[in-house]
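*Asks:* Only the shape, not the letters, is given here:
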Ligand code: 5RP
């Protein structure tokens, strides 16, 4: 099975998980990236079963509209039951690195609102310690050099992601050579640097469910107290 087939298997597993819980007034949160795109593709057949979606990027919003799903501004929505999104890395505590698609800030906002965050990933994303994937940090453009110097002090090698402007008009620094054994503390330290909008560590708000696709099938990992349990 190639990586695309594994991504499709977790997208299908997420559809099967959510489908029985859909309600006509429900708004879903939908993430960004190739795995989330496969989820959106599969969602087409369920578009009539829920009210609409909040998207974590303009790209995903367009894809949702194309399959007939109304897309709402988050400020017009008071409840998101399920947020489905991919990840660049995940660990045993369901903490993540996200932002490979430069959508980390909106992803973190939608995840913060959602009752249940379902992360979908192929098994290449599973790591014992976060940080092999360069950590994305969204930065206000005028603070780029200052933030880069501060990230070096924290032990990383930040590199500007060339040619990328986020949906929020900012730039991305990718931090290389940056093993992160304490994700909670590192998320806070990076957030405290003036000029940082958001960093791609999802430690304070990890996933509630992780569907991990491997050659032996999809494995499910969970944190307690998800609304899918009721
Ligand atoms: C986008 C993300 C994506 O979820 C992450 O990059 C995974 O992408 P893919 O599903 O294409 O492997 O965080 O900002």
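*Replies:* Done, it's in. Predicted, not measured: the structure shown is a model, and the values here were computed from it.

*Asks:* count of residues packed around the closest residue to residue 142 other than its chain neighbours?
*Replies:* Leaving aside its chain neighbours, residue 142 sits nearest to residue 195 (7.5 Å; criterion: Cβ to Cβ, 6 or more residues apart in numbering). Heads up, the C-betas are built off the backbone N, CA and C, glycines and all. By other Cβ atoms under 10 Å, 17 other residues sit near residue 195.

*Asks:* Could you shift the numbering so residue one becomes 640, and keep it that way?
*Replies:* All right, first residue 640 from here; so that's residue 834.

*Asks:* Over to residue 673: give its phi and psi.
*Replies:* Main-chain torsions, residue 673, degrees, to the nearest 10: phi -70, psi -30.

*Asks:* Count residues in the vicinity of it, would you?
*Replies:* With other Cβ under 10 Å as criterion, residue 673 counts 15.

*Asks:* give the contact list for the nearest residue to it once chain neighbours are set aside.
*Replies:* Leaving out its chain neighbours, the residue that sits closest to residue 673 by Cβ to Cβ, 6+ apart is residue 646, at 6.2 Å. Each residue near residue 646 by Cβ atoms under 8 Å, 6 or more residues apart in numbering is listed here: 673-674, 677, 725, 759-761, 852.

*Asks:* ok, of these, which come out buried?
*Replies:* When those are checked for burial by 16 or more other Cβ atoms under 10 Å, the buried set is 674, 677, 725, 759-761, 852.

*Asks:* For my notes, please list those residues in CSV and give distance to residue 691 for each entry.
*Replies:* Formatted as CSV, the buried ones among the contacts of residue 646 follow (distance: Cβ to Cβ, whole Å):
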residue, distance to residue 691
674, 21
677, 20
725, 21
759, 20
760, 25
761, 28
852, 27
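
*Asks:* what about the nearest residue to residue 778 once chain neighbours are set aside, distance to residue 678?
*Replies:* Among residues not flanking residue 778 along the chain, residue 786 sits closest, at 4.8 Å (Cβ to Cβ, 6+ apart). Distance of residue 786 to residue 678, computed by Cβ to Cβ, to the nearest Å: 32 Å.

*Asks:* so which of the contacts of residue 646 would you say is closest to residue 802?
*Replies:* residue 673 (19.3 Å; Cβ to Cβ).

*Asks:* Between residue 786 and residue 678, which has more neighbouring residues?
*Replies:* Shown here are residue 786 and residue 678; by other Cβ under 10 Å, residue 678 has more neighbours (27 against 22).
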